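In: need a 3D model of the sequence below.
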Amino acid sequence: MQYKEFDFKIYDSRPVDCDVDAQNGEVVECSKASLTIKCGKGGLKLLSVQLSGGKMLGYKDFINGRKIKTGDVLGQ
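Out: Numbers count the residues shown, from 1 in each chain. Down below sits the predicted model:
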């Protein structure tokens, strides 16, 4: 997956209900409690990711270091 110029892999995630009208890959929640993206008919709560060439990060470190916000689209 990609966000801006950063390639990353999703290592741990959980499916969640998501009734938000958004496109696939769009960040629908970005907070201290959750990083959730729209995926199919629901959402995917990201728990840990790994940046290309880097170490595995929890979602809090990932969003803090990359300034991800609600409405951003991952994978473009």
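In: residue contacts, C18?
Out: C18 makes contact with V28, T36, K38, C39, G42, G43 under the criterion C-beta atoms under 8 Å, 6 or more residues apart in numbering. All C-beta spots, glycine's among them, are computed from the backbone N, C-alpha and C.
In: which of the residues you listed count as buried?
Out: The neighbour count (16 or more other C-beta atoms under 10 Å) marks V28, T36, K38, C39, G43 as buried among those.
In: what's across from F8 in the sheet?
Out: Under DSSP bridges, the beta-bridge partners of F8 are L51.
In: give me the number of residues near it?
Out: Applying other C-beta atoms under 10 Å, we find 18 residues neighbouring F8.
In: ok, it touching S52?
Out: Yes: applying C-beta atoms under 8 Å, one finds F8 in contact with S52, separated by 6.5 Å.
In: show me the shaky parts of the protein.
Out: In the predicted model of the chain, residues 1-5, 76 satisfy pLDDT under 70.
In: now the strands for it?
Out: With strands called from DSSP state E, the chain shows them at 2-3, 6-16, 27-30, 35-39, 42-51, 56-58.
In: list the strands paired with the fourth one, with their directions.
Out: Strands that pair with strand 35-39, judged by DSSP bridges, come out as strand 27-30 (antiparallel), strand 42-51 (antiparallel).
In: good, wrapping up.
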